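**Student:** take this sequence and fold it.
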Amino acid sequence: MAGNLSGVKARIQAEFPKAVYVHCVSHKLNLVIVEACKIPAVRNAMGVITKVADFFKNSLKRQAFLEKKICEQGQDQAPKRTKLLGLCKTRWIQRHDALENFDQLFTTLIVVFEDIKDSSTGWNRETVTDATTLLHCISQFEFVMAFTTMIKVMSTLNGLSVKLQSFSRDISKVYKDVDRTCQGLQHFRDNVSEHSDRWFKYAPEKVREAVGESDYEPCLPRRCGRQRNRANVSAETAEEYFRRTTAIRFLDHFLGQMKERFSDTQKKSVLGLSLVPLAMRTDPFWKRHVEELGAFYQTDLPSPATFDEELVC
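**Tutor:** Numbering: from 1, shown residues only. Coordinates of the predicted model:
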């Protein structure tokens, strides 16, 4: 259907170049997140979170042990959910709920993994090995920084996701919601130093909590002349390094995908809904929108010269 070479979209646009192919907007938002999460730091963090969720999902004994540790925290500190949410493979926008869930259970997960690792009886070798490996992974500063960046940036998409799935939401208003979301992401990008500084201060606290070292401070990863498997940018400090490799790259991918998936051409095609009688009665700017639409499709109009007069009639 959407193939660029021989799909239906390509064949129609070969005859009518200004024909606009429009995906389901909720699906397009999903595609935005899929592409943005392909940067190495975010991709690796997603993989670790999936492994942790599967660790408890695949064993009732492990899940019961996790729930026991949650109960030991007391009602004031205990999170609302006692089960880790998996990262949905198809609806990526739902991953924000899983990230928040993981954040709430982070301290408990550290305690659980340490107890399993140090236990001499009650757990088989595979469980102890997996717990030790996962404890090491979630204790790494690179993971915590990527995880913090994801949850902060993706929180801006929650409201948009809800509106896109609303039965009563008008498509023309949806694109206005998309513009507001892009403005929020652009604000993050324009002030990335300020935001990443705040995230950078939050992430070491998580790592100190995980490794049990109050004097822990993040350091620059080892770099070399050529590196293919991870980021290798030049930086004077650890803060600058992780800002460039995680925060800036993630925001740039997000903004680029939002502008590509929700292009101005698609927005212009939606302006035709301003000719709906209800829109003409309720929207004071309907005529301006139709004039923009007419200017875009001017070469396809049978009588472009009389277009303005027809609007008056």
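**Student:** who's in contact with the residue nearest to Val174 when sequence neighbours are not counted?
**Tutor:** Spatial nearest neighbour of Val174, excluding adjacent residues (CB to CB, 6 or more residues apart in numbering): Val25 at 5.6 Å. All C-beta spots, glycine's among them, are computed from the backbone N, C-alpha and C. Val25 makes contact with 164, 171, 174, 178, 262, according to CB atoms under 8 Å, 6 or more residues apart in numbering.
**Student:** cool, Glu114 as well?
**Tutor:** The neighbourhood of Glu114, defined by CB under 8 Å, 6+ apart, consists of Leu135.
**Student:** give me the element the residue positioned nearest the centre of the chain is part of.
**Tutor:** Nearest to the mean C-alpha position of the chain, by CA atoms, centre = their mean, lies Met154 at 4.2 Å. Remark: Met154 resides in helix 141-154, with elements defined by DSSP states H and E.
**Student:** quick one on the thing from earlier: just send the contacts of Val25 back as JSON lines, with secondary structure and pLDDT too.
**Tutor:** JSON lines is the format used below for the contacts of Val25 (DSSP: H, G, I helix; E, B strand; the rest coil; pLDDT from 0 to 100):
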{"residue": "Leu164", "secondary structure": "helix", "pLDDT": "77"}
{"residue": "Ile171", "secondary structure": "helix", "pLDDT": "76"}
{"residue": "Val174", "secondary structure": "helix", "pLDDT": "81"}
{"residue": "Val178", "secondary structure": "helix", "pLDDT": "85"}
{"residue": "Phe262", "secondary structure": "coil", "pLDDT": "83"}
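**Student:** tell me which strands and helices the lowest-mean-pLDDT helix or strand in the chain is in contact with?
**Tutor:** When the helices and strands of the chain are compared on mean pLDDT, DSSP states H and E, helix 307-312 comes out lowest with a mean of 72. Under the contact criterion of 3 or more CB pairs under 8 Å, 6 or more residues apart in numbering; DSSP states H and E, helix 307-312 touches helix 286-296.
**Student:** for the helix it packs on, output the C-alpha coordinates as PDB.
**Tutor:** Taking C-alpha atoms only, helix 286-296 is exported to PDB below (Å, rounded to 0.1, in the frame of the first residue of the first chain):
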ATOM      1  CA  TRP A 286     -12.300  28.700   7.900                       C
ATOM      2  CA  LYS A 287     -12.000  31.000   4.900                       C
ATOM      3  CA  ARG A 288      -8.300  31.600   5.500                       C
ATOM      4  CA  HIS A 289      -7.800  27.800   5.700                       C
ATOM      5  CA  VAL A 290      -9.700  27.200   2.500                       C
ATOM      6  CA  GLU A 291      -7.600  29.900   0.700                       C
ATOM      7  CA  GLU A 292      -4.400  28.100   1.800                       C
ATOM      8  CA  LEU A 293      -5.900  24.800   0.400                       C
ATOM      9  CA  GLY A 294      -6.800  26.500  -2.800                       C
ATOM     10  CA  ALA A 295      -3.300  28.000  -3.200                       C
ATOM     11  CA  PHE A 296      -1.800  24.500  -2.700                       C
END
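**Student:** what comes up buried for the least confident helix or strand of the chain?
**Tutor:** Phe307 (16 or more other CB atoms under 10 Å).
**Student:** check the gap between the residue nearest to Val174 and Lys201 for me.
**Tutor:** Per CB to CB, to the nearest Å, Val25 is found 36 Å from Lys201.
**Student:** ok, back up a step: which of the contacts of Val25 count as buried?
**Tutor:** Buried among those by 16+ other CB under 10 Å: 164, 174, 178, 262.
**Student:** what's the local residue count around Arg243?
**Tutor:** By the measure other CB atoms under 10 Å, the count of residues near Arg243 is 23.
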